[in-house]
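A.B. asks: Just a sequence and a predicted model for now, questions to come.
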Amino acid sequence: MNTNEAPQNAQVAQSDQNTDTTHTPAHRHAPSHRRAPDVWPTFQAHDAPALIDFLVGTLGFLRTAVYEDGGRVAHAQLDWPEGGGVMLGSHDPGAAEWCLEPGTFGAYVVTDHVDALYRRLTEAGVKVLREIADQPYGSREFAVADPEGNKWSFGTYRGEPRPDQR
């Protein structure tokens, strides 16, 4: 199943606060100086529940919605507290037309708290792929790997304004 579709007969997993995510969508409106999340990266995991726990409990994503179907994660939405988010689900090799091999995903995540996040993740023993460093284009960033091998880069670079916003 496509990781950005909710199945019709899915059971909704409870969030850490035991909130039914079916009836309380967590629409987060970013401050006006930030872009709305128009693009939602998607990926799949061999052990989606464990990866969700890592992304929420260790990296700091927010568990917005998790839909289970037959013992697998059919769709999950995890929001980044500072804006944007990702969608993921259990690996489904039968869906070859829309299937990414687990561990092949990479994302850049913007944060204003890059040094504190780096300290927290290194103290937690997360595998660091690239040490924190200032970049020539003005960003301060680092990169880590999640337990499935996906690559996550965190930094302060917010991108350049679109031509129509200059």
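C.D. replies: Arrived safely, thanks for sending.
A.B. asks: Run a quick neighbour tally on Arg130.
C.D. replies: 11 (other CB atoms under 10 Å). The C-beta positions use only the backbone N, C-alpha and C, and glycine is treated the same way.
A.B. asks: residue ranges of the helices in this protein, please?
C.D. replies: Using DSSP state H, the helices of the chain run over 48-54, 114-123.
A.B. asks: and those helices, which is most packed in?
C.D. replies: Sort the helices of the chain by mean neighbour count, taking mean count of other CB atoms under 10 Å, and helix 48-54 sits at the top with a mean of 18.
A.B. asks: Quick one: list the elements packing against it.
C.D. replies: strand 72-79, strand 85-90 (3 or more CB pairs under 8 Å, 6 or more residues apart in numbering; DSSP states H and E).
A.B. asks: Generate JSON lines for the helices of the chain, with mean pLDDT as supplementary columns.
C.D. replies: Below are the helices of the chain laid out as JSON lines (pLDDT from 0 to 100):
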{"stretch": "helix 48-54", "mean pLDDT": "98"}
{"stretch": "helix 114-123", "mean pLDDT": "98"}
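A.B. asks: for those helices, which one sits closest to Gln77?
C.D. replies: helix 48-54 (10.3 Å; CB to CB).
A.B. asks: center of this protein - which residue?
C.D. replies: Residue closest to the mean C-alpha point of the chain, counted by CA atoms, centre = their mean, is Val86 at 3.9 Å.
A.B. asks: any idea how far the closest residue to it other than its chain neighbours lies from Tyr108?
C.D. replies: Nearest non-adjacent residue to Val86, counting by CB to CB, 6 or more residues apart in numbering: Pro41, 5.0 Å away. If you measure Pro41 against Tyr108 using CB to CB, to the nearest Å, the figure is 10 Å.
A.B. asks: quick one, phi psi at the residue nearest to Val86?
C.D. replies: phi -60, psi 140 (degrees, to the nearest 10).
A.B. asks: Now for it: which residues touch it?
C.D. replies: Val86, Met87, Phe105, Ala107 (CB atoms under 8 Å, 6 or more residues apart in numbering).
A.B. asks: what's the distance between it and Trp80?
C.D. replies: Pro41 is 11 Å from Trp80, by CB to CB.
A.B. asks: Mutual contacts of the two, please.
C.D. replies: In contact with both Pro41 and Trp80: Val86, using CB under 8 Å, 6+ apart.
A.B. asks: Okay then, goodbye and thanks.
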